[in-house]
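[1] turn this into a model:
(one chain, ligands or ions: 2)
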Amino acid sequence: MKWSRAKIQQKWSYFRKQRETPSGNFTEFVVRTYYSIDRCCRELGGNRCPSELVSSRRIKDAVYDGIYPEPDHDYDGVIGDCKKHLTEMGYLHTEEDGSITVIDKPLDFLLPGEHEAYLARFGQEARRVDKTAVRVGVRCASCGGQLVLRSGRYGLFFGCERFPQCKTVRSVADVTYDMLETAGLRLYSVTRPCWKCMRDIEVMSYFPYLDLAEMEPELARPLEKLEVLRLSALPGLDERLCRRYVTLRERYSKKAGFSYVGNSCPHCGALQGSQMTLGKVYRDLREYAARGTLQEHVREILPVTEETLPREAWKKTVEYLFGGTLL
Ligand SMILES: [Zn+2]
Ligand SMILES: [Zn+2]
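    Ligands and ions are numbered 1, 2, ... in the order given. The predicted structure follows:
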């Protein structure tokens, strides 16, 4: 529940006045609570963090540091109140049944220089993360800044380079989908001998990782988990490809107990065992990429749309590979 505008204004004036002539610790607790949460969010590269990380128990020491050696009162209630005030004044809110805490705007009742002083005090973690950030050529939709891939304890995220002014945070799945949506997804083709009749055949597959790594070489290492995405991994797209290319067929593997899509030989009809053949194709393509001749092996560029590859399907796949990311 949000307070009325009048009540917020009243509280704001009170807090502001307390900054000038402090008469109690409560405002200081509010400010420290805010910066404890802010630090945790910055550490993760955005404006969100798991609420568990900023529970009263965890941030108690940071909030009480230098005021009480050990609070002789119900600190849980005090920090809870600070969060409630911050929420009701619109500085933060929680999402997903309270499991995610989100910082919405900077504290604006501080005196000149106070913000910097608090950042210095609560900022070490954020600086440490900044060093590992990977800048990519993808732009922030709200301010036009560059998006930065950051890794926190909870996995990879894209944040805006202009944080804290811009609080845009996007998931790896969303940004990579945007990249593929813009460029299309390449269907690669490599000539290999059929394992059965030994005649040369064309083996095709998509490898979104190769597309992304070529578009943004800096992402090659952090996104390595996407290497496993190849024919058979994206069902909707596989179906379309089977309709389009007679050599691509869906088969049921009794041994493995599931269906998969594979390349078949146009001469003898033998299905090219999916994983082993595609593993070789992938290694060939990596080689071509290193030599700069990957383009020559692009059979066609598949449009990426809600119809061919729904965003949700891509997100589910990527999140699965990354072991479930926060955003
Ligand atoms: Zn931005
Ligand atoms: Zn054959």
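[2] lowest-pLDDT helix or strand in the chain?
    helix 124-130 (a mean of 48; mean pLDDT, DSSP states H and E).
[3] ok, then the element right after that one?
    strand 134-139 (DSSP states H and E).
[4] show me which positions of that next one end up buried.
    Under the neighbour-count criterion of 16 or more other CB atoms under 10 Å, strand 134-139 has 134, 136, 138 buried. C-beta coordinates here come from the backbone N, C-alpha and C atoms, glycine included.
[5] run me through the strand neighbours of that strand, direction for each.
    Note on strand 134-139: by DSSP bridges, its sheet partners are strand 146-152 (antiparallel).
[6] closest to the centroid, which residue in the chain?
    S171 (2.6 Å; CA atoms, centre = their mean).
[7] okay, it and ligand 1: tell me how far apart.
    15 Å (CB to the ion, to the nearest Å).
[8] that residue and F157 touch, don't they?
    Yes - the criterion here is CB atoms under 8 Å, and S171 meets it with F157 at 6.7 Å.
[9] who in this structure is up against ligand 2?
    194, 196-197, 265, 267-268, 270 (CB under 5 Å from the ion).
[10] list the helices and strands the longest strand that the chain contains packs on?
    Counting by DSSP state E, the longest strand found in the chain is strand 185-193. Packing contacts for strand 185-193, counted by 3 or more CB pairs under 8 Å, 6 or more residues apart in numbering; DSSP states H and E, involve strand 200-206, helix 208-215, helix 274-291, strand 298-302.
[11] now tabulate the ones you listed in JSON lines and tack on distance to R19 and mean pLDDT.
    Output for these, formatted as JSON lines (distance: least, CB to CB, whole Å; pLDDT from 0 to 100):
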{"stretch": "strand 200-206", "distance to R19": "57", "mean pLDDT": "96"}
{"stretch": "helix 208-215", "distance to R19": "47", "mean pLDDT": "95"}
{"stretch": "helix 274-291", "distance to R19": "57", "mean pLDDT": "90"}
{"stretch": "strand 298-302", "distance to R19": "58", "mean pLDDT": "96"}
